[in-house]
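J.: coordinates only, no sequence provided:
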């Protein structure tokens, strides 16, 4: 199991309504990232909202805190596609 797969498992335990896939499933250039985005939720709120969550860059604050603990951050590719990357 890769580090990316272990990180996905860890995050999905905490955020079961967020879909996550290894970035390699998106494109080879996204190795060591996690692909996620549109349709993901945290307690019936969008996990990502490019026009909302202005203080946390469009990412639900609970997810930002979890990513910070893992030394990761979320980066918008477009309005519905997000990559979680190492800092």
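T.: Received it, and whenever you're ready, just let me know what you need. All values reported here derive from a predicted model rather than from experimental measurement.
J.: what's the longest helix along the chain packed up against?
T.: For the chain, the helix with the greatest residue count under DSSP state H is helix 3-14. Contact here means 3 or more CB pairs under 8 Å, 6 or more residues apart in numbering; DSSP states H and E; on that basis helix 3-14 packs against strand 21-22, strand 34-37. Heads up, the C-betas are built off the backbone N, CA and C, glycines and all.
J.: and these, which is most packed in?
T.: Comparing these on average neighbours per residue, with mean count of other CB atoms under 10 Å, the densest one is strand 34-37 at a mean of 22.
J.: next, format the helices and strands packed on helix 3-14 as TSV and append distance to residue 65 and mean pLDDT.
T.: Output for the helices and strands packed on helix 3-14, formatted as TSV (distance: least, CB to CB, whole Å; pLDDT from 0 to 100):
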stretch	distance to residue 65	mean pLDDT
strand 21-22	22	98
strand 34-37	16	98
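J.: nearest to residue 50, out of the ones you listed?
T.: Distance to residue 50, taken as CB to CB, is lowest for strand 34-37 among the helices and strands packed on helix 3-14, at 9.9 Å.
J.: all set now, cheers.
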